[in-house]
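Q: the following block contains a protein sequence and its predicted model.
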Amino acid sequence: MFIIIVVLMSVSLIGIITVQLYWINNAVQSRKEQFKNDVQKSLGRVAERINEKEERLIEIQIQDFIDHKILADNAQIKNYLFQQIDTANNRKITFGTTVLEENFEIPLDFLDDEKIIFTRLTGKKDFFKSTFIKSPDNIFTSEENERYTFLGRMKSLEKSQFSQIMKDYKRLNPLNQRVNNRELNATIKEELTKTNIDLDFKYGVYTNEGLATELKSGYYTINIEESYEYPLLYDAENSPEHILYVTFPTKNDHILSGISNILLLSLFFIFVIIIAFSSSLYQLIKQKKISEIKTDFINNMTHEFKTPIATINLALDSIKNPKIIVDSEKVLRYVKMIRDENKRMHSQVENVLRISILEKNQLTISKETFDIQDIIEDAINHISLLIDDRGGSIEKHFQAITSEISGNEFHLLNAIVNMLENAIKYSSEAPKIDVYTESTNKFFIIKIKDEGIGMGKAAQKMAFDKFYREQKGNIHDVKGHGLGLAYVKEIVEKHHGTVFVESEKGKGSIFTVKLPLN
């Protein structure tokens, strides 16, 4: 069930994050497309303005010449007449056009010493509409109903002459004479501003074969993937002759600026979801682990209490035996056995109470200044009988220059004793223990080295966890409840110190405690 819950939570989290990332990606892509469209519109208007400017310059030059030259080089008048008779309705419609063609020889700068012939067209258009009426004597008479006359320049027809002039202009003039950098830069900036794109940009104009021209900003190098392109100028056949490329170094900031708030908020909630999921998963695993460890603890504790209780019951039954009760020596031996087993159960209860205090964080300690090396000596004396009983040895290597600290003698003594007992407990053969002390400018350091069974990397990470005991198959092969090292860590941290272990399977362990000096 636990695995199913974890899998469902994981799938839900991945689904939520995927949807969020999909939405974010769509929003960013939409902004990119919008930015691209705005840029393309702006560049289209730039190209339109540049091309219109060229045509306008030629037109102004021609028009200025014509306005100052009153008489044409030659002229001719052409008349056109079109007539339509509607017999069904007895109507006649007449269109008449008179065109005055005035030819001017116009010199243009880009044609060197050559001249072109430009025809100015002035036209008169007449419209007549007549209706025929039959009189009583069967004679038709006409009655003029409508008459219109238009007089003026025929500029639409004149404009058709510019196409050939523009072809010659584009063919004979190099690009840098038709457009200059300052003008192009200003036009691009103005058109981009109209679409709310107020960004630094770089541009370059290339031929349709990909060759660079002199129209560019600084040392512009084309980058197809990052640039936006648009045909700028056309050749005599009206095909794209030059391509304008524009690059925005800070376009990503501009694209994200519009959705930055919602984007950051979305990312924040994704982060919160991940943190919440990770915390929940961690707590689930931790609670599962604690539940398993506590079950192990209860089983072990039950075993620990079972033996002394059975021993006490046997001793009491023996004392009640009439043959034994009169033997004072045996009674005293059984009484001593009962007392020892009672002490053993009392120590077990003390361990349970100690872990309860640690879990509730109710452990308070008073501090005073003392020599920590004296406490280490007392701790070694406490466990000396246990070492002798196992046929082991303990060596002292006191090299600390300064050993006065501020702390609680009772709790530090218990902590050091716990580490020494741990070294004895996890030595499969006669224990060999070395105790080292040294000092630095700020810390007093204690190292307790043994040649016991050691522990793996995983065990080292959990060695100071409550209830944890490394097992070797049989849960009761090493006596204890996994409380000693947890108590050591709590006491050391209460003294603002640190404790850690270095170990290797089969080669023993080194427990190191660092305590701040006065």
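A: Great, that's in hand. Everything numeric here is computed off the predicted structure, so don't read it as measured data.
Q: next one: stretch 446-454 to chain centre, how far?
A: Counting by CA atoms, centre = their mean, to the nearest Å, stretch 446-454 is centred 46 Å from the centre of its parent chain.
Q: from now on call the first residue 33
A: Sure thing, new numbering starts at 33, so read that last one as stretch 478-486.
Q: what is the end-to-end distance of it?
A: 19 Å (CA to CA, to the nearest Å).
Q: can you list contacts of that stretch?
A: Identification of contacts with stretch 478-486 by CB atoms under 8 Å, 6 or more residues apart in numbering yields 404, 408, 448, 451-452, 455-456, 458-460, 463-470, 504, 535-545, 547. Every C-beta, even on glycine, is put in place using the N, C-alpha and C of the backbone.
Q: where exactly do the helices run in the stretch 233-382 of the chain?
A: Applying DSSP state H, counting those that start in this stretch to the stretch 233-382 of the chain gives helices spanning 283-289, 292-352, 354-357, 360-392.
Q: okay if I get those as CSV plus mean neighbour count and distance to T219?
A: As requested, these are exported to CSV (neighbours: other CB atoms under 10 Å; distance: least, CB to CB, whole Å):
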stretch, mean neighbour count, distance to T219
helix 283-289, 15, 20
helix 292-352, 13, 30
helix 354-357, 11, 119
helix 360-392, 13, 76
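Q: out of those, which comes closest to Y235?
A: Ranking these by their distance to Y235 (criterion: CB to CB) puts helix 283-289 first, at 13.5 Å.
Q: using PDB, write down the CA coordinates of the closest one.
A: Provided in PDB are the C-alpha atoms of helix 283-289 (Å, rounded to 0.1, in the frame of the first residue of the first chain):
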ATOM      1  CA  LYS A 283      15.000  40.000 -27.200                       C
ATOM      2  CA  ASN A 284      14.600  37.100 -24.700                       C
ATOM      3  CA  ASP A 285      14.200  39.600 -21.900                       C
ATOM      4  CA  HIS A 286      11.600  41.500 -23.900                       C
ATOM      5  CA  ILE A 287       9.700  38.300 -24.700                       C
ATOM      6  CA  LEU A 288       9.700  37.200 -21.100                       C
ATOM      7  CA  SER A 289       8.900  40.600 -19.700                       C
END
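Q: mind checking the longest strand of this protein?
A: strand 147-166 (DSSP state E).
Q: what packs against it?
A: helix 34-100, strand 123-139, strand 172-185, helix 187-191 (3 or more CB pairs under 8 Å, 6 or more residues apart in numbering; DSSP states H and E).
Q: which of those sits closest to D421?
A: Closest among the helices and strands packed on strand 147-166, once you apply CB to CB, is helix 34-100, at 44.9 Å.
Q: tell me the mean pLDDT over the closest one?
A: Mean pLDDT, helix 34-100: 80.
Q: how far away from the center of its chain is it?
A: 23 Å.
Q: past that helix, which element shows up next along the chain?
A: strand 106-118 (DSSP states H and E).
Q: turn the helices of the stretch 233-382 of the chain into TSV, including mean pLDDT and distance to D158.
A: Converted to TSV, the helices of the stretch 233-382 of the chain look like this (pLDDT from 0 to 100; distance: least, CB to CB, whole Å):
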stretch	mean pLDDT	distance to D158
helix 283-289	76	61
helix 292-352	78	69
helix 354-357	80	155
helix 360-392	74	113
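Q: may I see the PyMOL selection of the buried members of the contacts of stretch 478-486?
A: The buried subset of those, as determined by 16 or more other CB atoms under 10 Å, is captured in PyMOL by this line:
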select buried, resi 404+408+448+451+452+455+456+458+459+463+464+465+466+467+468+469+535+540+541+542+543+545+547
